[in-house]
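**Student:** have a look; sequence and predicted model below, questions after that.
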Amino acid sequence: HERDNLLIAIYQGQNNQKKLIETAWRVFRRDRSVDSLELLLRAVGEDKRASIVEEEAKSILKAGEFDSSDAGFLIEIGHVDDAETYIIAHANQLNGDFYSSLLELAKAMLKHDRLVAASVLYRALLNSILARAKSKYYHHGISYLKKLDSLAPKVREWKELDPHSLYLQNLRQKHKLKSSFWSQYTPQ
């Protein structure tokens, strides 16, 4: 990262546009963000913003593996529908162990009223806690499950996902022996 920043400064000083653009693309592709997009646009020109954003959104949606920073990038650039599609399409790949990034995405999806995507993210967080079977984290799982309970009645269409009632039924069956978890849970 530092090397690329130094190279960008050098290429700007040398007025080497070809190398500057090449490096700016490398930085952007390594870490898609609004900052790296702005860096790239300073190199290639602001007039290319729309085409770059559209192409990158398409590229992210075609990706075989989930990347939380790509989902965050889609939200940052205003492609919330694409972010929702991306999250739901990769629901089985979400790793709740990366709780900080998934929790931020869940909050963003809630802010934009994308309840199914938010539910997918909260499910991943809850599944991770229950899979680890560490009772000291169960209070987080309880809060995620209560959040899911509160979202469920507001969801009109679950798309290809199990509705909350079926998810909860399967969760109870799979983790029926975790009595310390279930004793803390009181349905709303």
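**Tutor:** In hand now; what should we look at? Numbers count the residues shown, from 1 in each chain.

**Student:** ok, now how distant is residue 14 from residue 156?
**Tutor:** 57 Å (CB to CB, to the nearest Å). Yep, even glycine has a C-beta here, placed from its N, CA and C like the rest.

**Student:** with residue 42 instead?
**Tutor:** Taking CB to CB, one finds residue 42 at 43 Å from residue 156.

**Student:** neighbour count: these two, which is higher?
**Tutor:** Between residue 42 and residue 156, counting by other CB atoms under 10 Å, residue 42 is the more crowded of the two (13 against 6).

**Student:** now do the same for that one: its pLDDT.
**Tutor:** At residue 42, the model reports a pLDDT of 92.

**Student:** swap in the one 10 residues further on?
**Tutor:** In the predicted model, residue 52 carries a pLDDT score of 97.

**Student:** ok, now residue 10?
**Tutor:** For residue 10, pLDDT reads 86.

**Student:** go on, the one 3 residues further on?
**Tutor:** The score at residue 13 is 85. That number is its pLDDT.

**Student:** what stretches of the protein score poorly on pLDDT?
**Tutor:** Low-confidence segments of the chain (pLDDT under 70): none present.

**Student:** all helices of it, in order?
**Tutor:** Using DSSP state H, the helices of the chain run over residues 2-14, 17-30, 34-44, 49-62, 68-76, 80-89, 99-111, 115-132, 138-151, 164-174, 179-184.

**Student:** which strands and helices lie in contact with the third one?
**Tutor:** The criterion is 3 or more CB pairs under 8 Å, 6 or more residues apart in numbering; DSSP states H and E, and the helices and strands that helix 34-44 contacts are helix 17-30, helix 49-62.
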